[in-house]
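Participant: This is a predicted model, with the sequence first.
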Amino acid sequence: MVPAPAAAATGAFRTSGMLPMRGELPSGVTPRTIRDPPNLDFPVFAYSQAGTLMHSSRILGLLALASLTALGACRRAEEPPPPEVRPVRAITVEQHAAGDTVSLTGTVQAETEVNLSFRIDGRLIERNVDVGATVKPGQLIARLDPSNEQSALQGVQAQLAAARAQLVEQRNNLNRQKELLAQRFISQAAFDLAAANLQSAESAAIAAQSQVNLAQNRLGYTRLVADVGGSVTQVGAEPGEVVPAGRMVVQIARAGGRDAVFDVPAQIKDDAPANAEIAVSLTMDPKVSAKGRVREVSPRADPVTGTFRVRVGLIDPPAALRLGSTVTGRLRMEAAAAIRVPASALMRQGAQSAVWIVDPKTETVALRPIDVASFGTDRIVVASGLNPGDVVVTAGVQALHPGQKVRLLGAAK
């Protein structure tokens, strides 16, 4: 037997004395319900004022109600977590007006550059010009060692002399045979043989003369002579080197025409008007300028930069626009007004292109479909779907979802 707890207001355990152990009932008391709570080692009995045992579930219900009330109070005290704010970069959309001026940097080059080289191989023994020298047509540029060609020429000249001597002998022999045939001292067959020998000698003399001509040409090929006038822009061999046939020895920029050469992005190349006039000026001194028109556009993009080589023929360029000078070309575009955004802002919404738009009031994002007019290397031209003043996310687009709260990194531009 253990001591009984104090009596509750409902009349539970009002009987004095010892609380009965498990399985025992107080004498003269009839229990209404006996239940064993899971956390008690003894039965719980409730007694009414008349001495009857009350149902123990009322006490359990009161305890559960108190627990729920306390739990609700704790939850009301906890504040909900703030929504996630993701930092992004964005720009404010602007519409580029028609007639924008595009500036590109290039260099001045000769309209035509000629690579002078030998037609035969040999050892270079002389080069008479250096970079920057001015040459004239017919001027001697370089020489190869002519020893081998001179020896070859002497050999074929000797063969030609022998062939000519044989030709004289056969010609005289045919004359004698003709006289003998008239006197009927030889047969017709002997005369025909003498005529055939004369024809063979004539052919051998012609062949020997051809060999002499070839040897003389090869000897002449040991001298490199300029066939155009201009300035030497590059040299490719030094005296003492053995140069193969066709190797560039000097490069000459022909006097006269000059070009401004630019590496142009594909978007500008496609949008540029046909036969446009381009203003070209010296980068270090913009006062030195000239007009020009596109003379040549490369059909193939550079594999590294993705740009196209464009040559602009200068019209009456001043002397200060020297070869190799750095120049700036300005072209006024005539394309229709368009909206351009960085290519990093582009997303996909199913089969439709889209971008994230920031609401400045709520600082949340929404995905807006757009129509793309053209794609560039780093920018896209938007045909529809955007308006000037819209704030478009350009960095961090992959981690966003509709309604996401964002924080702009720096001012949107």
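Facilitator: Happy to help now that I have it.
Participant: List the contacts of stretch 288-306.
Facilitator: When contacts are defined by C-beta atoms under 8 Å, 6 or more residues apart in numbering, stretch 288-306 is touched by residues 111, 259-260, 263, 265-266, 269, 272, 275-282, 307-318, 320-321, 329, 377. Where C-beta positions appear, they are placed from N, C-alpha and C, glycine not excepted.
Participant: For the buried ones among these, write the corresponding PyMOL selection.
Facilitator: Restricted to buried positions by 16 or more other C-beta atoms under 10 Å, the PyMOL selection for these reads:
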select buried, resi 111+259+260+263+265+269+272+278+279+280+281+282+307+308+309+310+311+312+313+314+317+321+329
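Participant: Stretch 245-259: which residues count as buried?
Facilitator: Across stretch 245-259, burial judged by 16+ other C-beta under 10 Å covers 249-253, 255, 258-259.
Participant: Near A301, how many residues? Count them for me, please.
Facilitator: By other C-beta atoms under 10 Å, the residues close to A301 number 16.
Participant: start the count at 12, not 1, going forward
Facilitator: Let's use 12 as the start, then, which means that last one is A312.
Participant: secondary structure class for it?
Facilitator: coil (DSSP: H, G, I helix; E, B strand; the rest coil).
Participant: Of the contacts of stretch 299-317, which belong to helices?
Facilitator: Mapping the contacts of stretch 299-317 onto helices (DSSP state H) picks out 277, 280.
Participant: So which of the contacts of stretch 299-317 belong to strands?
Facilitator: Judged by DSSP state E, the subset of the contacts of stretch 299-317 located in strands is 270-271, 274, 288-293, 319-326, 340.
Participant: can you list the buried residues of stretch 256-270 in TSV and add secondary structure, distance to Q222 and pLDDT?
Facilitator: Supplementary listing: these in TSV, determined by DSSP: H, G, I helix; E, B strand; the rest coil; distance: C-beta to C-beta, whole Å; pLDDT from 0 to 100:
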residue	secondary structure	distance to Q222	pLDDT
V260	strand	28	95
V261	strand	31	95
Q262	strand	34	94
I263	strand	33	93
A264	strand	39	90
A266	coil	40	82
R269	strand	46	90
D270	strand	46	92
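Participant: Closest one of the residues you listed to E190?
Facilitator: E190 has its nearest neighbour among the buried residues of stretch 256-270 in V260, at 61.5 Å by C-beta to C-beta.
Participant: so who does the closest residue to that closest one other than its chain neighbours touch?
Facilitator: With sequence-adjacent residues excluded and distances taken as C-beta to C-beta, 6 or more residues apart in numbering, V260 is closest to A248, at 4.9 Å. By C-beta under 8 Å, 6+ apart, A248 lies in contact with 135, 138, 153, 254, 258-260.
Participant: now swap in L325 and tell me
Facilitator: Counting by C-beta under 8 Å, 6+ apart, L325 makes contact with 119, 268-271, 291, 301-303, 332.
Participant: Name the residues linked to it by a beta bridge.
Facilitator: G303 (DSSP bridges).
Participant: try E307
Facilitator: In this entry, E307 is beta-bridged to R322, by DSSP bridges.
Participant: and it, how many neighbours?
Facilitator: Residues near E307, counting by other C-beta under 10 Å: 13.
Participant: confidence score at it?
Facilitator: Per-residue pLDDT puts E307 at 90.
Participant: P328 versus that one, what's the distance?
Facilitator: 17 Å (C-beta to C-beta, to the nearest Å).
Participant: Pretty sure Q177 sits in a strand.
Facilitator: No - looking at Q177 with three-state DSSP, it is helix, so not inside a strand.
Participant: Ignoring the adjacent residues along the chain, who's closest to it?
Facilitator: Of all residues not flanking Q177 in the chain, A212 sits nearest, at 4.7 Å (C-beta to C-beta, 6+ apart).
Participant: now do the same end-to-end measure for stretch 234-244.
Facilitator: 20 Å (C-alpha to C-alpha, to the nearest Å).
Participant: What are the contacting residues of that stretch?
Facilitator: Under C-beta under 8 Å, 6+ apart, the answer for stretch 234-244 is 121, 124-125, 127-129, 140-155, 260-266, 334.
Participant: Buried residues, the strand or helix carrying the residue nearest to Q177. List them.
Facilitator: Using DSSP states H and E, A212 sits within helix 199-231. In terms of neighbour count (16+ other C-beta under 10 Å), helix 199-231 has its buried residues at 202, 205, 208-209, 212-213, 215-216, 219-220, 222-223, 226, 229-230.
Participant: for those, which one is nearest D370?
Facilitator: Of the buried residues of helix 199-231, the one sitting nearest to D370 (C-beta to C-beta) turns out to be R229, at 83.2 Å.
Participant: I'd say that closest one and G133 touch.
Facilitator: No - assessed by C-beta atoms under 8 Å, R229 is found out of contact with G133, at 9.7 Å.
Participant: Counting neighbours, what do you get for K302?
Facilitator: Look at K302: counted by other C-beta under 10 Å, it has 14 neighbours.
Participant: how close does it sit to A331?
Facilitator: K302 is 15 Å from A331, by C-beta to C-beta.
Participant: Give me the secondary structure label for Q161.
Facilitator: Put simply, Q161 is helix when judged by three-state DSSP.
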